[in-house]
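>>> Kindly return the folded structure for what I paste below:
(2 chains)
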2 protein chains.
Amino acid sequence: MSLEPCICGDWGTSRLRLSLCAGERVLETREGPGIGALRQPAAEALRPLIASWRSSHGRLPLFLCGMAGSRNGWRETSYLPCPADLGALREAAVRFDSEGTPVTIAPGLSCRSRLGSPEVLRGEETQMAGALALRPGLGTGSHLLCLPGTHTKWACLEDGVVRDFMTALTGELFALLRDASTLTRAARAPAEGEPAAPDASDDGEAGFESGLAAAASLASAHLLHFLFAARSAQLLDGRSREWALGYLSGLLVGSDVRDALPLFTVPAEVVLIGEPELNERYARALQRFGLTPSRLDGERCALAGLRSLERR
Amino acid sequence: MSLEPCICGDWGTSRLRLSLCAGERVLETREGPGIGALRQPAAEALRPLIASWRSSHGRLPLFLCGMAGSRNGWRETSYLPCPADLGALREAAVRFDSEGTPVTIAPGLSCRSRLGSPEVLRGEETQMAGALALRPGLGTGSHLLCLPGTHTKWACLEDGVVRDFMTALTGELFALLRDASTLTRAARAPAEGEPAAPDASDDGEAGFESGLAAAASLASAHLLHFLFAARSAQLLDGRSREWALGYLSGLLVGSDVRDALPLFTVPAEVVLIGEPELNERYARALQRFGLTPSRLDGERCALAGLRSLERR
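Have a look, this model is predicted:
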């Protein structure tokens, strides 16, 4: 890894995370709008965010992954078809010059899932490359990687090559149901003379366990049915909104894990790559199926992956 | 059925459908806001909607079902626990006087589903009672009723008694994914020089068939995974937004039917009670599983059920 300062950015649909790096060190981080929220070209949106870094550090090469490489991003990069060697991301990255700054954008990956669906990802390829850089042992043998998030990705990694992967809508569906559904707005107001609802601080935890249990107890999914119980348990069983939110999270994460595991030859260790709180939720679901996952921080992996895009 | 004029109202969360009835005839219909949108007491919201009917017809008893009987509605009615005789709705209805008008509100039903979840419904009990009134043959023997909608209900009816029922979030989830998800906004804009997308008028139909096929082909659900294919098929396979919407509808309706059928002893005929277009979608999914459903119009059933609340 060179010691030349550079800017690394994980530019997703809803958020941009920028880091000013020098060698192994992160000097400063900043956040900006996601690609989905841009009303101007990406280069213009970026300019004010990095202006002060440029004036202090001069020429700062820029390394980006995620939706920056989509058609609606900055410059479209291809999807590398699987099997895809994570070591080949550096060569497949798109490199160009913008206002005197060298810019590098990582490609995405594509495949057919084991169930026949078309599959795409952007950003997770760089997190996986970073995981390999941080834990070189992942580069040999067979590993099942789980990258929980808005669109959770399950990837089969063999000797540093992504054989295939598949997506689950877990995070996006949770957010939709939390923010816009009838499921979490059902709580009964106390009737006249009824005592107010007790403190609900532990309810989310109990709900999460109930949701995991519902997902794990059934061979088939019945997801459409069990989702409704988030509402009906408030109406009939006196559950709180916090319980319902925990239940939905447990039901969705548990269903995701239960559906995904039978499709892969599962090694002793599954590797979670994501935000610590999401990693923790998936770890609990995996433990229910007898697996002991290891965990890597998703942001750290993204950064290590972006640094690995530098030309050697 | 008396010939006295009356007003019947199916007052759901999102919509109020009012009918001015005389005997078997509907003289006029009007729509109003759902219980979920009310900013004033229900009686006040109703008053301007029925004022002209009152001035022409004088005393007009009012029969209501649905969320009018919820705590946030007009007057709370109980949930009758299953097994619940549909003939007992008349006795269990709440009756009171409002500004000189006799008001009757139907109770809801509750049960534990065959998978152990708490279950509630409001409004569908009246549609089922109406179905019985319109097709007296449903009052003897065993029938599986399916009431598709925002919250689809599957009910086991034995000799006029609702043994139990269960809910699937099918309609609400479809609306959330259609209106607020990333799944239907993925279509690639044509690149420079690329031809514009062809006319997509048949795509919704093809998508619906693909979604049904995905749901029917698998013993397990993998719903979280197959939902994502609505997006990835646009990005990788050049599918249109219309295709994706059709696919989501087929996948959700097909998953609902596939999950529900194994839980019930399915008689030769399943009875669909809903809007004609929804009935058609469910009929196609049921036909894929070898069943030939019959169909009843949901609004007609609600009206017949409301008329059956009149005291004899």
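>>> Name the residue of chain A with the shortest distance to chain B.
Nearest residue of chain A to chain B (C-beta to the nearest C-beta) works out as residue A:221 at 3.2 Å. Where C-beta positions appear, they are placed from N, C-alpha and C, glycine not excepted.
>>> count of residues packed around the residue nearest to that residue when sequence neighbours are not counted?
The shortest distance from residue A:221 to any non-neighbouring residue, by C-beta to C-beta, 6 or more residues apart in numbering or on different chains, is to residue B:221 (3.2 Å). By other C-beta atoms under 10 Å in any protein chain shown, the residues close to residue B:221 number 22.
>>> wouldn't residue B:221 be in contact with residue A:223 here?
Yes - with contact defined as C-beta atoms under 8 Å, residue B:221 counts as touching residue A:223 (6.0 Å).
>>> overlap in contacts of the two?
Counting by C-beta atoms under 8 Å, 6 or more residues apart in numbering or on different chains, the shared contacts of residue B:221 and residue A:223 are A:255, B:255, B:259.
>>> which among those end up buried?
Taking 16 or more other C-beta atoms under 10 Å in any protein chain shown as the criterion, what is buried in the shared contacts of residue B:221 and residue A:223 is A:255, B:255, B:259.
>>> pretty sure the first one is in contact with residue B:224, am I right?
Yes - taking contact to mean C-beta under 8 Å, the distance of 6.2 Å between residue A:255 and residue B:224 places them in contact.
>>> Now list whatever residues contact both of the two.
residue A:223.
>>> Do a quick rundown of the helices in chain A.
Taking DSSP state H, the helices of chain A run over residues A:42-57, A:89-92, A:124-134, A:170-180, A:203-216, A:223-237, A:241-260, A:276-288, A:298-307.
>>> Now do the fourth one: distance to the chain's middle.
Going back to what we said before, that points to helix A:170-180. Relative to the centre of its chain, helix A:170-180 is centred 14 Å away, using C-alpha atoms, centre = their mean, to the nearest Å.
>>> show me where pLDDT drops low in the stretch 101-250 of chain A?
A:186-201, A:219-220 (pLDDT under 70).
>>> redo that, cut-off 80
A:185-201, A:218-221 (pLDDT under 80).
>>> Just the C-alphas of stretch A:128-135, formatted as PDB.
Output in PDB follows, covering the C-alpha atoms of stretch A:128-135 (Å, rounded to 0.1, in the frame of the first residue of the first chain):
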ATOM      1  CA  MET A 128     -15.200  -8.700   0.000                       C
ATOM      2  CA  ALA A 129     -11.900  -7.700  -1.500                       C
ATOM      3  CA  GLY A 130     -11.200  -5.700   1.600                       C
ATOM      4  CA  ALA A 131     -12.100  -8.600   3.800                       C
ATOM      5  CA  LEU A 132      -9.600 -10.700   1.900                       C
ATOM      6  CA  ALA A 133      -6.900  -8.000   2.500                       C
ATOM      7  CA  LEU A 134      -7.700  -7.800   6.200                       C
ATOM      8  CA  ARG A 135      -8.000 -11.600   6.700                       C
END
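>>> Name the residues of it that are buried.
A:128-134.
>>> And for stretch A:234-242?
In terms of neighbour count (16+ other C-beta under 10 Å), stretch A:234-242 has its buried residues at A:234-236, A:239-242.
>>> do the same with stretch A:26-46
Buried residues in stretch A:26-46, defined by neighbour count with 16+ other C-beta under 10 Å: A:32-35, A:38, A:42, A:45-46.
>>> Throw those into TSV and include distance to residue A:92 and pLDDT, thanks.
What follows is these, written out as TSV (distance: C-beta to C-beta, whole Å; pLDDT from 0 to 100):
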residue	distance to residue A:92	pLDDT
A:32	25	95
A:33	27	94
A:34	23	93
A:35	20	91
A:38	24	90
A:42	20	93
A:45	25	94
A:46	22	94
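>>> same for chain B: which of those are within range?
Among these, proximity to chain B is found for none (C-beta under 8 Å from any C-beta of the partner chain).
>>> quick one: which two of the residues you listed are the most distant?
Farthest apart among these by C-beta to C-beta are A:34 and A:46. That separation is 12.4 Å.
>>> Can you pull the residues that touch both of those two?
If you check residue A:34 and residue A:46 against C-beta under 8 Å, 6+ apart, the residues they both contact are residue A:16.
>>> quick one: which of the helices of chain A is nearest residue B:121?
Per C-beta to C-beta, nearest to residue B:121 of the helices of chain A: helix A:223-237, 9.4 Å.
>>> Which residues does stretch A:259-272 contact?
The list of residues contacting stretch A:259-272 from outside it, by C-beta under 8 Å, 6+ apart, reads A:114-115, A:131, A:135, A:138, A:141-148, A:154, A:156, A:166, A:168, A:221, A:279, A:282-283, A:286, A:289, A:291-296, B:220-225.
>>> give the contact list for the residue minimising distance to the centre of chain A.
The structure's chain A has its C-alpha centroid closest to residue A:149; by C-alpha atoms, centre = their mean the separation is 3.3 Å. Applying C-beta under 8 Å, 6+ apart to residue A:149 gives the contacts A:171, A:274-275, A:278, A:298.
>>> Can you select the buried ones among the residues you listed for me in ChimeraX?
To isolate the buried subset of those in ChimeraX, counting by 16+ other C-beta under 10 Å, use the following:
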select /A:171,274,278,298
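>>> returning to that earlier point: return a PyMOL selection command for the buried portion of the contacts of stretch A:259-272.
Buried members of these, defined by 16+ other C-beta under 10 Å, are picked up in PyMOL with:
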select buried, (chain A and resi 114+115+131+138+143+144+145+146+147+148+154+156+166+168+221+279+282+283+286+291+293+295+296) or (chain B and resi 221+222+223+224+225)
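>>> show me what contacts the closest residue to residue A:34 other than its chain neighbours?
Spatial nearest neighbour of residue A:34, chain neighbours left out: residue A:14 (4.0 Å); criterion: C-beta to C-beta, 6+ apart. Applying C-beta under 8 Å, 6+ apart, we find residue A:14 in contact with A:34, A:36-37, A:150.
>>> gap between residue A:55 and residue A:74?
Separation of residue A:55 from residue A:74 (C-beta to C-beta, to the nearest Å): 22 Å.
>>> These two: who's more crowded?
Each of residue A:55 and residue A:74 has its neighbours counted (other C-beta under 10 Å); residue A:74 has more, 24 against 8.
>>> quick one: that one and residue A:43 touch, right?
Yes - taking contacts as C-beta under 8 Å, residue A:74 lies within contact range of residue A:43: 6.5 Å.
>>> number of nearby residues for residue A:136?
10.
>>> now do the one 4 residues further on
A count of neighbours around residue A:140, defined by other C-beta under 10 Å, yields 10.
>>> Which residue is the nearest non-sequential neighbour of it?
That would be residue A:159: by C-beta to C-beta, 6+ apart, it lies 5.8 Å from residue A:140.
>>> Cool, thanks, signing off.
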